[in-house]
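Asker: here is my input, please return the structure:
(4 chains)
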2 protein chains.
Amino acid sequence: MKIGQLSAATDTNVETIRYYERIGLLPHPARTDAGYRSYDESHRSRLAFVRHSRDLGFTIDEIRSLLDLSDHPDRDCSEADLIASRHLEQVERKIAQLSGLRDELSRIVGRCRGGLAGDCRVIDALADHSHCGHAHQGPVTL
Amino acid sequence: MKIGQLSAATDTNVETIRYYERIGLLPHPARTDAGYRSYDESHRSRLAFVRHSRDLGFTIDEIRSLLDLSDHPDRDCSEADLIASRHLEQVERKIAQLSGLRDELSRIVGRCRGGLAGDCRVIDALADHSHCGHAHQGPVTL
DNA sequence: CTTGACCCTGTAGTTGCTACAGGGTGCATA
DNA sequence: TATGCACCCTGTAGCAACTACAGGGTCAAG
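Answerer: Residues are numbered from 1 along each chain as shown, chains lettered A, B, ... in the order given. Down below sits the predicted model:
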C-alpha cells in the first residue's frame, strides 16, 4: 500500500500521515526501490486507532500513551481509563463554558434593528460594563 | 499608566498587550523618556472591549471589525449583529459536536475494572470498529 | 551602591496540522 | 520515443492567539 491508498483507506490527509510518522506516532514504514513508503494492514489499523482517538478529541500526547498501552497488552489498563475519564471531564467543562457563552451571546444578538453603530446594543454590550453580572473567564477557543 | 498597571486593570498578560499592539488591535501608545509605554483611559476601555470580545470567543479578525464599527458610530450596525449571530451559530455547532463526543466518551470510560490492557474496553473501543454506528467527523479541538 | 521590580526589543516555541517549492517516479497514450 | 499526468519525495514555512525566554535598560528603596 502506498501512502495515497492509506490516505484513502483511513480518510487522512497524506501530509498528516507523514506528519504522524515524523513525530513518532506511526513507525517508519518500509520503502520501495524508488523510495516510496510501503504500508501494510498493521499500519492501517494503527492509523485508524489514531484517527478515532483524534476524532474523540484526545491530544497527540494522550494518544501516544494509549498506543503505548495498546502495544503492551500485559500492562495494567487503568491508565487508559484514567486518560479517558480525565478527557471526558475536560469535554464536559468545555461544554459548560460554551453554554455560558451561548447564553450571553444570545442575550446580545438580535437586538439591533439596523440602527447606527453609535447606539448599537451589540457594540455596547462588548464595551466595558463590569456591572452586568458577567463573570470574567479568559479567552476561549472554539 | 504603565503597561503593568494596564495589565492588572484589565487582567491581561503584559506580553499579550504588546502582541495586540503589534498586530494593530491597540494603537501605539505614547512613550515616556525612558521608552516606557504610557496608557490612558481610552486605551484601557479599548483593551477591555477586546478582552470581553475574546472572552466571548470572537476571533481577532471579528474583533477588528467590531472595533472598527465602534470607532465609527455613524455606520450601520447590522454588520455587528451579523458577526455576533454567525458566531453564536458556531458556538452552538461546537456545543453539539462536543455533546456527541461526551456521549461516546461516557460509553467508553468506566468500563475497565483494572484488568490488563490486552482486554481493555477503552483501548478496544479506540481500535478499528467501523461497525459500531459511529459517524466519522474528523479531528476536534477543545 | 546594590537589589529587585519593572520595562524594552526581538525571536522562538506551543498544537495539530496544512501548503507549498522544487524535485523524482511510473504508467498510459500519441 | 516522447510526453503528459498522477503520484511520490524532502524540507520548510504558515495558521491562531498567544506565551516564554534572552539579553538588555530604568527606577525607587534601603
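Asker: A:Phe24 - that's part of a helix, no?
Answerer: For residue A:24 the amino acid is Gly, not Phe. No: read with DSSP: H, G, I helix; E, B strand; the rest coil, A:Gly24 is coil and lies in no helix.
Asker: how near is it to A:Ile60?
Answerer: According to C-beta to C-beta, to the nearest Å, A:Gly24 and A:Ile60 sit 10 Å apart. In short, each C-beta sits where N, CA and C put it, glycine included.
Asker: neighbour count winner among these two?
Answerer: Between A:Gly24 and A:Ile60, A:Ile60 has the larger neighbour count (other C-beta atoms under 10 Å in any protein chain shown), namely 14 against 11.
Asker: got the domain ranges for chain A?
Answerer: A:3-71, A:78-127 (automatic domain parsing).
Asker: need the winner for burial among these.
Answerer: Of the domains of chain A, the one with the most neighbours on average (mean count of other C-beta atoms under 10 Å in any protein chain shown) is domain A:78-127, at a mean of 18.
Asker: and the closest residue to A:Arg54 other than its chain neighbours, which helix or strand is it part of?
Answerer: Excluding the flanking residues, the one nearest A:Arg54 by C-beta to C-beta, 6 or more residues apart in numbering or on different chains is B:Pro139, at 4.2 Å. For B:Pro139, there is no enclosing helix or strand under DSSP states H and E.
Asker: okay, now B:Pro139: neighbour count?
Answerer: Neighbours of B:Pro139 under the rule other C-beta under 10 Å: 14.
Asker: residues touching it, list them.
Answerer: Going by C-beta atoms under 8 Å, 6 or more residues apart in numbering or on different chains, B:Pro139 touches A:51, A:54-55, A:57.
Asker: from the residues you listed, which single one is nearest B:Val109?
Answerer: Each of these was scored against B:Val109 by C-beta to C-beta, and A:Gly57 proved nearest at 13.2 Å.
Asker: show me what contacts the most centrally placed residue in chain A?
Answerer: Centroid-nearest residue in chain A, with C-alpha atoms, centre = their mean: A:Gly57, separated by 4.0 Å. A:Gly57 is in contact with A:87, A:91, B:98, B:101, B:139-142, counting by C-beta under 8 Å, 6+ apart.
Asker: ok, now A:Val50?
Answerer: Residues in contact with A:Val50 (C-beta under 8 Å, 6+ apart) are A:20, A:25-26, A:63, A:67.
Asker: relative to B:Ser45, which of these is nearest.
Answerer: Closest to B:Ser45, out of all of these and judged by C-beta to C-beta, is A:Ile63, at 44.0 Å.
Asker: quick check: phi and psi at the closest one.
Answerer: Backbone torsions for A:Ile63, taken as degrees, to the nearest 10, come to phi -60, psi -40.
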